[in-house]
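In: mind folding the following:
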Amino acid sequence: MSNESVLRNWIEAYERAWASNDENHIRALFTEDADYFTEPHASPWHGHDAIVWGWLEARDEPGETTFEWTPLVVTDEIAIAQATTVYAGGATYSNLWVLRFAPDGRAREFTEWWMEQPPDAA
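Out: Take a look at the predicted model:
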């Protein structure tokens, strides 16, 4: 499987977890000892329990968003994707995701940068 396929499969699984907020879907994305950085210099959510807890605390409800993404960099060691998240009746966010994968395709480290777009940016 190509590195870009690993990224594509992971983001599709992320979208399923995002839509379902199912703990098993969330856990399946990450290694047991993964670090999830909600912003680059914050302390990460470390491990499955912390990641699930943090995800569910900040969850979006199903159907609340649309999401489009494109890969920027995909190597054997790292993947970087750029995305846009649009909230129904609300804000639009620009996202930059940095992922480091384990050999099995789960993320061992995930860092997200996100920023709200000004209303006139569309």
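In: how many neighbouring residues does D35 have?
Out: Counted with other C-beta atoms under 10 Å, the neighbours of D35 add up to 19. Heads up, the C-betas are built off the backbone N, CA and C, glycines and all.
In: can you name the next helix or strand after the helix or strand harbouring it?
Out: D35 belongs to strand 30-37 when assigned by DSSP states H and E. With elements assigned by DSSP H and E, the helix or strand that comes after strand 30-37 is strand 45-46.
In: mean confidence for that next one?
Out: Strand 45-46 shows an average pLDDT of 98 in the prediction.
In: next structured bit after that strand?
Out: helix 47-57.
In: buried residues, the very next helix or strand once past that following helix. List them.
Out: Note on helix 47-57: by DSSP H and E, the next helix or strand toward the C-terminus is strand 65-74. Neighbour counts using 16 or more other C-beta atoms under 10 Å place 65, 67, 69, 74 of strand 65-74 among the buried residues.
In: name the SS class of the nearest residue to the second one once chain neighbours are set aside, please.
Out: Yep, that's F67 we're talking about. Counting by C-beta to C-beta, 6 or more residues apart in numbering, F67 lies nearest to T85, which is 5.3 Å off, once chain neighbours are set aside. For T85, the assignment made with DSSP: H, G, I helix; E, B strand; the rest coil gives strand.
In: before we move on, back to that, dump the buried residues of strand 65-74 into TSV; add pLDDT as well.
Out: Shown next, in TSV, are the buried residues of strand 65-74 (pLDDT from 0 to 100):
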residue	pLDDT
T65	89
F67	91
W69	96
V74	94
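In: looking at those residues, which one is closest to W53?
Out: T65 (20.8 Å; C-beta to C-beta).
In: how much space separates E32 from D104?
Out: 11 Å (C-beta to C-beta, to the nearest Å).
In: actually, I78.
Out: Distance, I78 to D104, using C-beta to C-beta: 16 Å.
In: so between these two, which is more surrounded?
Out: Taking other C-beta under 10 Å, I78 and D104 do not tie; I78 has more neighbours (13 against 8).
In: need the pLDDT of the more buried one.
Out: For I78, the pLDDT comes out at 93.
In: for it, give me its contacts.
Out: With contacts defined as C-beta atoms under 8 Å, 6 or more residues apart in numbering, I78 is in contact with 98-100.
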